[in-house]
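Trainee: give me a 3D structure for the following:
(chains A and B)
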2 protein chains.
Amino acid sequence: MTNAFPPNQQFRLAARPLGMPRHEDWQFHEEAVAEAQDGGIVVKVLYLSLDPAMRGWMNEGKSYIRPVAIGEVMRAGGLGIVVASKSPRFQEGDYVVGGTGVQRYWSGPADDKTAAFTRIDPALAPPTAWLNTLGMPGMTAFFGLREVGQPKAGETVVVSGAAGAVGMTVGQVAKKMGCRVVGIAGGEDKCRFVVEQLGFDACIDYKAGPVHAGLKEHCPQGVDVYFDNVGGDILDAVLTRINMKARIVICGAISQYNATSQVKGPANYLSLLVNRARMEGMVVFDYAPRYAEGVATLAQWMQEGSVKSIEYVTEGFERFPEALLMLFEGRNLGKLVLKVAEA
Amino acid sequence: MTNAFPPNQQFRLAARPLGMPRHEDWQFHEEAVAEAQDGGIVVKVLYLSLDPAMRGWMNEGKSYIRPVAIGEVMRAGGLGIVVASKSPRFQEGDYVVGGTGVQRYWSGPADDKTAAFTRIDPALAPPTAWLNTLGMPGMTAFFGLREVGQPKAGETVVVSGAAGAVGMTVGQVAKKMGCRVVGIAGGEDKCRFVVEQLGFDACIDYKAGPVHAGLKEHCPQGVDVYFDNVGGDILDAVLTRINMKARIVICGAISQYNATSQVKGPANYLSLLVNRARMEGMVVFDYAPRYAEGVATLAQWMQEGSVKSIEYVTEGFERFPEALLMLFEGRNLGKLVLKVAEA
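Mentor: All right, here's what the predicted structure looks like:
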């Protein structure tokens, strides 16, 4: 069967990685793009979102979402343009975001539940912002901080992974809410980025010295809300500095995602008891019915210039395996995005 | 100076224990009972409450309450009778509960903030119940379960240390609230006690096999509320079986109190994320303004026969050091109480 499109290229999961994903864990696959059926669309992928959560999806076992199967196209969020439509829901030329997977073309029913495409307004913000502040990371930050962390004006909010996609927005939203905001990030460049570009009050470089000392210095009033993207020793350090009735949002644990031995539990968790504090997990999908509210608020703040959406764009579809590793090597300032094609 | 009383005997903290407290960590001390001054009372101690929390008070360092100082009378709750009063607040013959410390006589101002004596009605319940279901353990269970655990009828509540003072009441209150209640305790005797005497639906003997398997068997609908008194591996096992939006009440961690190495953090804490669950610490003192409500409710349930207050009474003031260790050896069925004297 031939059609108007060049061959589709895909990265499929070949094996479940042990520790850091390796080249052998991926299968590069080429096949023809399936033509749009009745009610169907074809989406050309322009940008792919690269996220720490993807590492979890590669593991077997129960989680908040089923694992990617062996032989299946790797799950990923993407931004694309509709290049063929036999559905009244979308027109050719529409920009959409959704679960495109790691491939150049997505083809299927316009109302596919897994892909869950939504049309975006490219005039509202640059395309990559839809995978960042106006996408999953932004929604995670916005709802996780506000609904689970519940910071009050004047409180101190600490966020780890501060230069990453979620942390970046957590800190900026916390500033909007009138909090003192202290980031934790790895390296001088990231810390400078967080303070100078994003407007955090301070940033602790965990590679430069003990986090505990940094917290003592930069959170003289203690920590009221901790938004945790990293887990491990940093979570433990923050636990020693929390205030009474503190709230810890467990959003991720990137330090543990490639662990080949058992995850390190927070040894200082009894600080929750002493401080009547709580630690609560959040998954962004629970807030799907309210994404429109999050997008509208963040888009307005972006237009006012009080919140920035900063992406670190790396190019080349075939470089996906290396690009993904950049997340764990901590090389990106801002949200990591893979550019796949021009519109 | 002589007075009407035999010499007061006390156990004072001689040294901060490393691991399990030893005899050398205590100083047995005798001194005359100080006579009641204007506004003062003398309380003869009848029963002392022996609690896991006492181990924590022996350590140095910040906690929810200041550590007992070296040379100070060991802190303890007790029930006694007023044997001398120069205060209008209490009369000779009144029964009181409060922070008597580990001694035969307490003497001081009737309104002493640390002792915080309150008069009890000995007709309402047997004296030892005032150190158990109607005392701190009961208040801990009542408010911790209801305010922090927030179980709903039909949910599954799991409680560790189920045969202990707090756990016993947690389970019985959860039954009153219409929940399925599963205890975790060490040994066949304790498990039989918990099911047959206290009316739990089931009890998992953590000494007989893996807790995980027991949870699978006895909590077929998963765990909605876990009231944790023990920490360690049992907390980790429960974390693998929690439901969406589960609530874990961190009340204690008796498995870790004598740890000489670092506390073991819950390695499975990321289950909080997957399940959008929360883990929250509680300290009973926060509910002091509401104790009257707790006492009234529990006393009524006791009178109706739907809640039992069961104490394990061991005798002999001079046996305090060994008696305290019984808690950590897990030898008591029900609340451990040391009988010091007859009224």
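
Trainee: is chain B contacted by the host helix or strand of residue A:227?
Mentor: Assigned by DSSP states H and E, residue A:227 falls within strand A:223-228. No: Strand A:223-228 stays clear of chain B (CB under 8 Å from any CB of the partner chain), getting no nearer than 9.4 Å. In this view, the C-beta of every residue, glycine as well, is placed from N, C-alpha and C.

Trainee: quick one: contacts for the residue nearest to the spatial centre of chain A?
Mentor: The centroid of chain A falls nearest to residue A:137 when counting by CA atoms, centre = their mean (4.0 Å). By CB atoms under 8 Å, 6 or more residues apart in numbering or on different chains, the contact set of residue A:137 is A:49, A:51, A:131, A:164, A:165, A:166, A:168, A:169, A:335.

Trainee: which SSE is it in?
Mentor: Going by DSSP H and E, residue A:137 is in helix A:136-143.

Trainee: mind putting the contacts of residue A:137 into JSON lines with secondary structure, distance to residue B:299 and pLDDT?
Mentor: Formatted as JSON lines, the contacts of residue A:137 follow (DSSP: H, G, I helix; E, B strand; the rest coil; distance: CB to CB, whole Å; pLDDT from 0 to 100):
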{"residue": "A:49", "secondary structure": "strand", "distance to residue B:299": "59", "pLDDT": "96"}
{"residue": "A:51", "secondary structure": "coil", "distance to residue B:299": "55", "pLDDT": "89"}
{"residue": "A:131", "secondary structure": "helix", "distance to residue B:299": "60", "pLDDT": "96"}
{"residue": "A:164", "secondary structure": "coil", "distance to residue B:299": "54", "pLDDT": "90"}
{"residue": "A:165", "secondary structure": "helix", "distance to residue B:299": "55", "pLDDT": "90"}
{"residue": "A:166", "secondary structure": "helix", "distance to residue B:299": "50", "pLDDT": "94"}
{"residue": "A:168", "secondary structure": "helix", "distance to residue B:299": "55", "pLDDT": "96"}
{"residue": "A:169", "secondary structure": "helix", "distance to residue B:299": "52", "pLDDT": "97"}
{"residue": "A:335", "secondary structure": "strand", "distance to residue B:299": "59", "pLDDT": "92"}
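
Trainee: and of these, the nearest to residue B:57?
Mentor: Set against residue B:57, the nearest of the contacts of residue A:137 by CB to CB is residue A:166 (40.3 Å).

Trainee: circling back to that earlier point, could you list the buried residues of the strand holding residue A:227?
Mentor: Neighbour-count burial for strand A:223-228 flags A:223, A:224, A:225, A:226, A:227, A:228 (criterion: 16 or more other CB atoms under 10 Å in any protein chain shown).

Trainee: using CSV, list the CA coordinates for that strand.
Mentor: The C-alpha trace of strand A:223-228 is given here as CSV (Å, rounded to 0.1, in the frame of the first residue of the first chain):
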residue,chain,number,x,y,z
VAL,A,223,10.1,24.6,55.0
ASP,A,224,6.4,24.6,54.7
VAL,A,225,5.9,23.0,51.4
TYR,A,226,8.3,20.7,49.6
PHE,A,227,7.6,19.6,46.0
ASP,A,228,9.7,16.5,45.5
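
Trainee: and that strand with helix A:136-143, angle?
Mentor: On the basis of axes from the mean of the first three to the mean of the last three CA atoms, to 10 degrees, strand A:223-228 is oriented at 160 degrees to helix A:136-143.

Trainee: neighbouring contacts of strand A:223-228?
Mentor: A:141, A:144-145, A:149-152, A:155-160, A:166-167, A:170, A:174, A:179, A:215, A:234-235, A:238, A:241-243, A:245-253.

Trainee: contacting residues for residue A:264?
Mentor: Residue A:264 sits in contact with A:231, A:232, A:233, A:256, B:265, B:267, where contact means CB under 8 Å, 6+ apart.

Trainee: ok, 7 Å please
Mentor: A:232, A:256, B:265, B:267 (CB atoms under 7 Å, 6 or more residues apart in numbering or on different chains).

Trainee: in which helix or strand would I find the last one?
Mentor: Assessed by DSSP H and E, residue B:267 sits outside every helix and strand.

Trainee: measure stretch A:82-98 end to end?
Mentor: 12 Å (CA to CA, to the nearest Å).

Trainee: hmm, back to that, filter the contacts of residue A:264 down to the ones in helices?
Mentor: residue A:232 (DSSP state H).

Trainee: show me where pLDDT drops low in the stretch 51-200 of chain A?
Mentor: A:62 (pLDDT under 70).

Trainee: close to chain B: what parts of it are there?
Mentor: Counting by CB under 7 Å from any CB of the partner chain, the positions of the stretch 51-200 of chain A adjacent to chain B are A:63, A:64.

Trainee: which residue would be the closest one in the stretch 51-200 of chain A to chain B?
Mentor: residue A:64 (4.8 Å; CB to the nearest CB).

Trainee: what number of residues are in the vicinity of that residue?
Mentor: Per other CB atoms under 10 Å in any protein chain shown, the neighbour tally for residue A:64 reads 17.

Trainee: where exactly do the strands run in the stretch 1-150 of chain A?
Mentor: Taking DSSP state E, counting those that start in this stretch, the strands of the stretch 1-150 of chain A run over residues A:8-13, A:26-31, A:40-49, A:78-85, A:95-98, A:105-109, A:118-119.

Trainee: the longest one packs against which elements?
Mentor: Judged by 3 or more CB pairs under 7 Å, 6 or more residues apart in numbering or on different chains; DSSP states H and E, strand A:40-49 is in contact with strand A:78-85, strand A:105-109, strand A:335-339.

Trainee: what pairs with the longest one, and is each one parallel or antiparallel?
Mentor: The one in question is strand A:78-85. strand A:40-49 (antiparallel), strand A:95-98 (antiparallel) (DSSP bridges).

Trainee: that older thread, any idea which of the helices and strands packed on strand A:40-49 is most buried?
Mentor: strand A:335-339 (a mean of 24; mean count of other CB atoms under 10 Å in any protein chain shown).

Trainee: could I get the CA-only coordinates of that strand as CSV?
Mentor: Extracted in CSV, the C-alpha atoms of strand A:335-339 (Å, rounded to 0.1, in the frame of the first residue of the first chain):
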residue,chain,number,x,y,z
LYS,A,335,11.9,21.3,29.6
LEU,A,336,13.6,18.8,27.4
VAL,A,337,11.9,18.5,23.9
LEU,A,338,12.9,16.6,20.9
LYS,A,339,12.3,18.4,17.6
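
Trainee: for that strand, packing partners?
Mentor: strand A:40-49, strand A:311-315, helix A:320-329.

Trainee: who are the contact partners of residue A:54?
Mentor: By CB under 7 Å, 6+ apart, the neighbours of residue A:54 are A:76, A:324.

Trainee: distance check, the residue lying closest to residue A:29 once chain neighbours are set aside against residue A:99.
Mentor: Among residues not flanking residue A:29 along the chain, residue A:10 sits closest, at 4.6 Å (CB to CB, 6 or more residues apart in numbering or on different chains). Residue A:10 is 14 Å from residue A:99, where distance means CB to CB, to the nearest Å.

Trainee: tell me which of those two has more neighbours.
Mentor: residue A:10 (21 against 16).

Trainee: my guess is the more buried one contacts residue A:103, does it?
Mentor: Yes: using CB atoms under 7 Å, residue A:10 is in contact with residue A:103, at 4.0 Å.

Trainee: which residues are common contacts for those two?
Mentor: Common neighbours of residue A:10 and residue A:103 (CB under 7 Å, 6+ apart) are residue A:73.

Trainee: returning to that earlier point: so which of the contacts of strand A:223-228 belong to strands?
Mentor: A:156-160, A:242-243, A:245-250 (DSSP state E).
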